[in-house]
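Q: below are the sequence and a predicted model for it; my questions follow.
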Amino acid sequence: MNTVYIALGTNIEPREDHLKEALRLLMAHSEITIEKVSSIYETAPVGYTDQADFLNMVVHVHTSDSPVELLDKCQEIEQQLGRKRGVRFGPRTIDLDILLYNHENSKTERLIIPHPRMHQRAFVLIPLYEIAPTILIQALGKNVKELVRELPETDIKDVRIWMQSGSVEE
Ligand SMILES: Nc1ncnc2c1ncn2[C@@H]1O[C@H](COP(=O)(O)OP(=O)(O)OP(=O)(O)O)[C@@H](O)[C@H]1O
Ligand SMILES: Nc1nc2c(c(=O)[nH]1)N=C(CO)CN2
């Protein structure tokens, strides 16, 4: 079994429904089990800022899928939830990013693991810190707690708990 962390994000209403539907579709695959979910956070948009606030969360899954098999499933879920590709970093019904896959480092045309921008993103690191504070990102030689400490104060303020983890349907 492989240990994987996946980040989810949405900024098109109904945002909470999109997160819940994505979790349901992940769990519908017999190769995937959800071990832990973070709280849901409301976050100011990063990158392209002229868009609505996001809901973000991170889930810990166990899977027998290879990284690319899992990416296929994540992209299928994005399609099922009607994601249309438009502006880079722009609005989306759902985005699923594979953050970590065991302690692998790999780079192919379709998939980079660890996710290349995760260490700069408060909307990823703060939910990840909630469920896996001590996990090591080998490529960076740092754990999640250390990466959170390096985030600018202003980025941290842009990430607020929106729904506590215990209230997310599991
Ligand atoms: N770790 C990863 N998880 C998900 N997709 C990845 C990963 N590494 C590379 N990709 C590739 O990135 C491509 C673009 O993904 P996407 O459109 O979701 O980007 P984005 O959400 O706009 O930006 P970001 O990747 O910064 O969140 C995907 O088609 C996928 O092949
Ligand atoms: N707050 C927030 N900002 C973003 C997000 C996201 O999920 N949350 N996703 C992006 C594209 O990957 C770009 N900007």
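A: That came through, no problem. Ligands and ions are numbered 1, 2, ... in the order given.
Q: around ligand 2, which positions in this structure sit nearby?
A: When proximity is defined as CB under 6 Å from any ligand atom, the chain approaches ligand 2 at 9, 43-47, 54, 56, 89, 95, 123. All C-beta atoms are positioned from the backbone trio N, CA, C, and that covers glycine.
Q: buried subset of these as a PyMOL selection?
A: Only the buried entries of these go into this PyMOL selection, using 16 or more other CB atoms under 10 Å:
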select buried, resi 9+43+44+45+46+54+56+95+123
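Q: make JSON lines from the residues of the chain next to ligand 2 and add pLDDT to it.
A: Shown next, in JSON lines, are the residues of the chain next to ligand 2 (pLDDT from 0 to 100):
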{"residue": "G9", "pLDDT": "97"}
{"residue": "T43", "pLDDT": "98"}
{"residue": "A44", "pLDDT": "97"}
{"residue": "P45", "pLDDT": "96"}
{"residue": "V46", "pLDDT": "95"}
{"residue": "G47", "pLDDT": "92"}
{"residue": "F54", "pLDDT": "97"}
{"residue": "N56", "pLDDT": "98"}
{"residue": "F89", "pLDDT": "70"}
{"residue": "D95", "pLDDT": "95"}
{"residue": "F123", "pLDDT": "98"}
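Q: mind giving me TSV with the residues of the chain next to ligand 2 and columns for secondary structure and distance to D17?
A: TSV is the format used below for the residues of the chain next to ligand 2 (DSSP: H, G, I helix; E, B strand; the rest coil; distance: CB to CB, whole Å):
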residue	secondary structure	distance to D17
G9	strand	14
T43	strand	18
A44	coil	21
P45	coil	20
V46	coil	23
G47	coil	24
F54	strand	14
N56	strand	15
F89	coil	22
D95	strand	15
F123	helix	19
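Q: max pairwise distance over the residues of the chain next to ligand 2: which two?
A: Taking CB to CB, the two most distant members of those are A44 and D95; they sit 15.7 Å apart.
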